[in-house]
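> compute the structure for the input listed below.
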Amino acid sequence: MDGGLDRRGWLACLLSGAVFAVCMAGTTLPTPLYSLYQEKLGFSELTVTVVYAVYAFGVIGVLLLAGNASDAVGRRPVLLWGLGCAAASAVCFLCATALGWLFAGRLLSGLSAGLFTGAATAYVMELAPGRDSPRASFVATAANMGGLGCGPLLAGVLAQYAPWPLYLPFIVHLALLAASGAVLLGLRETVRVRRPLSTVRPQRPGLPPGVRVVFRPAALASFAGFALFGVFTSVSPAFLSQFLDVDNHAVSGLIVALAFFSSIAGQSAVGRIGERRSLPLGCAGLLGGLALLAAALWWQLLPLVVLSALLGGAGQGLTFRAALAQVAAASPADKRAAVISTLFVVAYAGISLPVIGVGVLSVHIGLQDAGLVFIACMAVLVTAAGIYLVRRRPGGAGA
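Down below sits the predicted model:
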């Protein structure tokens, strides 16, 4: 009997993870398509980074205004709202005849991700047998990163080899969102005591006292890892096209996807390495990825871009899963989604602010030199985070 309950529990966990992945795939779906939108609408590389960053601001806004909503009204209602925002985002991209549609689509995409990140992570972990198990945290983080990786890969392949490159990826995503809604309606709610939506209040980034010691190093590492991903997903397709003559959308999407898939590989190693050691080791991987990316920019070599995606992605995976597992384990059950949301506020600040900086610099000194300046700044941050993590023993299991 217990074995049957465990199987049903893991099936529910995996199905919720698949819903999580589908929603997150929509947030990176436009990545290999930006060059096509530039040709169609005629905007600059700075505009690309701003369009991209609008998504991150949408995420942060939702996390601050309603990051704790699923703790009150339940996980499923919040996730259904998130799927609705993702569908509205896809419709905006389908209607994109002017730049305003792209801004609206990215903002709605950010709202969907903001609704999903904290709530879906908590939901996946709560549906699994034996809450807070390492396997459950891996399913949650792998669904997040796997979805982010599948987005550019799916869009790149469809844009390169199928008709209607600016339409078919979003039509396919709408179909996947409809299927995800049906799956979600069949899963059970995990919040037992629910409160009215009126009890949800905007929250300042804040943490219960017992979480703070764990949270600080986790947030540092998460910021650095997401900053690297932000640059990969916003400007790497332009770099590949301008300096390496890579105009194949499928190749561009695959290289971006490799960073996210490597993140999953890094996450899978956390159980063997241990959470405490994974954070500083992940910072070392991020530093190596940044060094390879700098070499790729300097010598304009495609293999170094691929190696940077692989090593940097693995480093991000080590830091992200260890950070999330430690923060979730240290959080009270009734505040878990809110605390996880605060961690994602820091992470998405890493995605948005450095990317805009690269866009502004590219106007004045060019994309190549702007990328090198970004790498230098992030290398300093990653090095400081790694030293801090080595010298300070964070709490959590897995030592």
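
> the longest helix in this structure is where?
Ranked by residue count, the top helix of the chain under DSSP state H comes out as helix 212-244.

> continuing past that one, what's the next helix or strand?
Counting by DSSP states H and E, the element after helix 212-244 in chain order, helix or strand, is helix 249-268.

> give me the angle between that following helix and helix 212-244.
Taking axes from the mean of the first three to the mean of the last three Cα atoms, to 10 degrees, one finds helix 249-268 and helix 212-244 inclined to each other by 160 degrees.

> check which residues of helix 249-268 are buried.
With burial defined by 16 or more other Cβ atoms under 10 Å, the residues of helix 249-268 counted as buried are 249-264, 266-268. Bear in mind the C-beta positions are built from the backbone N, C-alpha and C, glycine included.

> average pLDDT for the longest helix of the chain?
For helix 212-244, the mean pLDDT works out to 83.

> which strands or helices does it pack on?
With contacts defined as 3 or more Cβ pairs under 8 Å, 6 or more residues apart in numbering; DSSP states H and E, helix 212-244 has these neighbours: helix 34-41, helix 45-66, helix 134-161, helix 249-268, helix 275-299, helix 302-330, helix 336-365, helix 367-391.

> possible to save those as a markdown table with mean pLDDT and distance to Val19?
Putting the helices and strands packed on helix 212-244 into a markdown table (pLDDT from 0 to 100; distance: least, Cβ to Cβ, whole Å) gives the following:
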| stretch | mean pLDDT | distance to Val19 |
| --- | --- | --- |
| helix 34-41 | 91 | 27 |
| helix 45-66 | 86 | 18 |
| helix 134-161 | 91 | 8 |
| helix 249-268 | 93 | 17 |
| helix 275-299 | 90 | 26 |
| helix 302-330 | 89 | 18 |
| helix 336-365 | 84 | 16 |
| helix 367-391 | 83 | 32 |
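
> can you say which of the ones you listed is nearest to Arg194?
Between Arg194 and the helices and strands packed on helix 212-244, the shortest separation by Cβ to Cβ is 12.9 Å, and it involves helix 336-365.

> pull out the buried residues from the closest one.
Within helix 336-365, the residues scored as buried using 16+ other Cβ under 10 Å are 336-352, 354-359, 361-362.

> how far off centre is it?
11 Å (Cα atoms, centre = their mean, to the nearest Å).

> kindly report the same for stretch 12-19.
Distance, centroid of stretch 12-19 to centroid of chain: 17 Å (Cα atoms, centre = their mean).

> other residues contacting it?
Stretch 12-19 has contacts (Cβ atoms under 8 Å, 6 or more residues apart in numbering) with 79, 83, 120, 123-125, 127-129, 136, 139-140, 142-143, 180, 183-184, 186-188.

> just the residues you listed: which are in strands?
Using DSSP state E, no member of these sits in strands.

> give the ChimeraX command for selecting the buried subset of those.
Remark: buried members of the contacts of stretch 12-19, expressed as a ChimeraX selection using 16+ other Cβ under 10 Å:
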select :79,83,120,123,124,125,127,128,129,136,139,140,142,143,180,184,187
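
> so of the contacts of stretch 12-19, which ones are in helices?
79, 83, 120, 123-125, 127, 136, 139-140, 142-143, 180, 183-184.

> show me which pair in these is furthest apart.
Going by Cβ to Cβ, the pair spanning the ones in helices among the contacts of stretch 12-19 furthest: Leu83 and Ala136, at 21.6 Å.

> sorry, back to before: and the helices and strands packed on helix 212-244: which comes nearest Leu197?
Nearest of these to Leu197, taken as Cβ to Cβ: helix 45-66 at 9.1 Å.

> ok so, going back, compare the helices and strands packed on helix 212-244 and give me the one nearest Gly26.
Of all those, helix 134-161 comes closest under Cβ to Cβ, at 6.5 Å.

> show me what the closest one is packed against.
Counting contacts by 3+ Cβ pairs under 8 Å, 6+ apart, helix 134-161 packs against helix 2-28, helix 99-127, helix 168-185, helix 212-244, helix 249-268, helix 270-273, helix 302-330.

> distance to Leu46 for those - can I get that in TSV?
TSV is the format used below for these (distance: least, Cβ to Cβ, whole Å):
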stretch	distance to Leu46
helix 2-28	20
helix 99-127	12
helix 168-185	24
helix 212-244	10
helix 249-268	20
helix 270-273	37
helix 302-330	22
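
> which among these is found nearest to Ala87?
helix 168-185 (5.1 Å).

> using PDB, write out every CA atom in the closest one.
Extracted as PDB, the C-alpha positions of helix 168-185 are listed here (Å, rounded to 0.1, in the frame of the first residue of the first chain):
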ATOM      1  CA  LEU A 168       4.400  28.500 -35.000                       C
ATOM      2  CA  PRO A 169       6.500  28.400 -31.700                       C
ATOM      3  CA  PHE A 170       3.800  30.400 -29.900                       C
ATOM      4  CA  ILE A 171       0.900  28.300 -31.300                       C
ATOM      5  CA  VAL A 172       2.700  25.100 -30.100                       C
ATOM      6  CA  HIS A 173       3.200  26.700 -26.700                       C
ATOM      7  CA  LEU A 174      -0.500  27.600 -26.400                       C
ATOM      8  CA  ALA A 175      -1.400  24.000 -27.000                       C
ATOM      9  CA  LEU A 176       1.100  22.900 -24.300                       C
ATOM     10  CA  LEU A 177      -0.400  25.400 -21.900                       C
ATOM     11  CA  ALA A 178      -3.900  24.100 -22.500                       C
ATOM     12  CA  ALA A 179      -2.700  20.600 -21.800                       C
ATOM     13  CA  SER A 180      -0.900  21.800 -18.700                       C
ATOM     14  CA  GLY A 181      -4.100  23.400 -17.400                       C
ATOM     15  CA  ALA A 182      -5.900  20.100 -17.700                       C
ATOM     16  CA  VAL A 183      -3.100  18.300 -15.800                       C
ATOM     17  CA  LEU A 184      -3.100  20.900 -13.100                       C
ATOM     18  CA  LEU A 185      -6.900  20.600 -12.500                       C
END
